[in-house]
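S.K.: 3D, please:
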Amino acid sequence: MRYALLLAALALGGCGATGLTPAPGKQLPVAPYGATAKPTPAQLLTPSNQARPDRSDELLTRSQDRRSDEFSLPPQ
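M.R.: From the prediction side, this is the model:
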């Protein structure tokens, strides 16, 4: 059982080792408007900062009371 699991893991690990190229007869997408060159497959697969923003690890150093909200009224 262990050997079968190890063999399956190695087989699946090798699937991503090949370089990405367009399918035969297909081309990469055209260059975006205003760009001087077509982006490479690696550039197309790299998410932008807007798609994956950086995480902020800022810790709270002291607690602060929230200010009152004038628009938080009870229902009528």
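S.K.: number of nearby residues for P39?
M.R.: 14 (other C-beta atoms under 10 Å). Every residue, glycine included, has its C-beta placed from N, CA and C.
S.K.: same check, this time on K38
M.R.: K38 has 13 nearby residues by other C-beta under 10 Å.
S.K.: that one reaches P22, doesn't it?
M.R.: No: using C-beta atoms under 8 Å as the test, K38 is too far from P22 to be in contact (11.1 Å).
S.K.: quick one: common contacting residues for these two?
M.R.: Listed as contacting both K38 and P22 by C-beta atoms under 8 Å, 6 or more residues apart in numbering are L28.
S.K.: can you name the next helix or strand after the helix or strand in which L5 is found?
M.R.: Per DSSP states H and E, L5 falls inside helix 2-15. Counting by DSSP H and E, the next helix or strand C-terminal to helix 2-15 is helix 41-45.
S.K.: show me the contact partners of that following helix.
M.R.: Against helix 41-45 from outside (C-beta under 8 Å, 6+ apart): L20, T21, P22, L28, P29.
S.K.: tell me how far S48 lies from R55.
M.R.: With distances taken as C-beta to C-beta, to the nearest Å, S48 is found 16 Å from R55.
S.K.: now swap in G25 and tell me
M.R.: 41 Å.
S.K.: try A31
M.R.: A31 is 32 Å from R55, by C-beta to C-beta.
S.K.: likewise L7?
M.R.: 37 Å.
S.K.: who has more neighbours out of these two?
M.R.: L7 (10 against 6).
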